[in-house]
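A.B. asks: got a sequence here, can you model it:
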Amino acid sequence: MESLSGSLSNQARLSRCNKSIFPMNKKMYLLTVKSQINIYGGPNSASFYDMSEGCDCCGSGSVPVGPRYYNLNPDKLKKLNIFLTLDSDIIISKQLAMDIQMSGNTQLDEIFHIKTKERLPFYVLKPEKIMPRFSKDTTGYERENFCPKCGRDGHFFMPKVPLKLVYDERVDEGYNNVHVAATWELFGNSILRKPFDDSVFASPCFLVDEFIKNKIYEYAGRRVHFNDVSFA
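C.D. replies: Okay, the predicted model is just below:
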């Protein structure tokens, strides 16, 4: 796959907002998806990656552009309405996608089979907005080998210790209209390689609002977990 460095990324477009600051007046939840399948995503799954907002040292912040390609077998995934790839891409069923699109703003990428190019009944869930940096009061993570230039990657979950996200109470007004957001902080280590397909990008955590939370739980039940996000 190829990288794009000249165009304006989806992340940059979605992050544009009014500079006025308002209290966060809606609940958000940290989404944890428990089901993971043995399929790679990341740089191998996209036709292009836009690196205009990405770190030129590690690649953190680069975003896929256009449809995604995976080696998925729908017949073996009939009971899964939401699952992770080995690169932590969140994939949802067509049925769930249709329901959550009722929110009006949810970002989804179509999925095609990587070999046959057949359109598959799945979508990649994408954030509408990137959250600001979380508060120093956030707990349940540790740092290791983060990029010396951008510092976005190198966050890691702690065994048997839940991640408790805390943000400042007053945020840009645009966040009050978001249904799906991603943390600025990335979990894992990003490594920018040549050829580009061999690169590895750390992944954000996803935050969802009450509507998306309820829809996902309706389809996935115990295959997902939600933790409250604090704005204090």
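A.B. asks: any low-confidence regions in the protein?
C.D. replies: Across the chain, the stretches falling below the confidence threshold (pLDDT under 70) are 1-23, 105.
A.B. asks: if you set the cut-off to 80 instead, what comes out?
C.D. replies: With pLDDT under 80 as the threshold, the chain has low-confidence stretches at 1-25, 44, 47, 103-106, 169-174, 232.
A.B. asks: longest helix in it, please.
C.D. replies: Taking DSSP state H as the criterion, the chain has its longest helix at helix 210-220.
A.B. asks: which strands or helices does that one pack on?
C.D. replies: Using 3 or more C-beta pairs under 8 Å, 6 or more residues apart in numbering; DSSP states H and E as the contact criterion, the elements in contact with helix 210-220 are strand 28-33, strand 82-84, helix 94-100, strand 224-228. Heads up, the C-betas are built off the backbone N, CA and C, glycines and all.
A.B. asks: the residue lying farthest from the centre of the chain sits in which helix or strand?
C.D. replies: Among the C-alpha atoms of the chain, the one most distant from their mean position (C-alpha atoms, centre = their mean) is that of Thr116, at 26.1 Å. In this structure, Thr116 sits in neither a helix nor a strand according to DSSP states H and E.
A.B. asks: may I see the buried residues of stretch 187-201?
C.D. replies: Of the residues in stretch 187-201, those buried by neighbour count under the rule 16 or more other C-beta atoms under 10 Å are Phe187, Gly188, Asn189, Ser190, Leu192, Phe196, Ser199, Val200, Phe201.
A.B. asks: tell me the contacts of the second one?
C.D. replies: Spelled out, it's Gly188. Listed by C-beta atoms under 8 Å, 6 or more residues apart in numbering, the contact set of Gly188 reads Ser88, Asp153, His155, Phe156, Val200, Ala202, Ser203.
A.B. asks: can you redo these as JSON lines with distance to Gln107 and secondary structure?
C.D. replies: Output for those, formatted as JSON lines (distance: C-beta to C-beta, whole Å; DSSP: H, G, I helix; E, B strand; the rest coil):
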{"residue": "Ser88", "distance to Gln107": "16", "secondary structure": "coil"}
{"residue": "Asp153", "distance to Gln107": "22", "secondary structure": "coil"}
{"residue": "His155", "distance to Gln107": "23", "secondary structure": "strand"}
{"residue": "Phe156", "distance to Gln107": "26", "secondary structure": "strand"}
{"residue": "Val200", "distance to Gln107": "23", "secondary structure": "strand"}
{"residue": "Ala202", "distance to Gln107": "20", "secondary structure": "coil"}
{"residue": "Ser203", "distance to Gln107": "16", "secondary structure": "strand"}
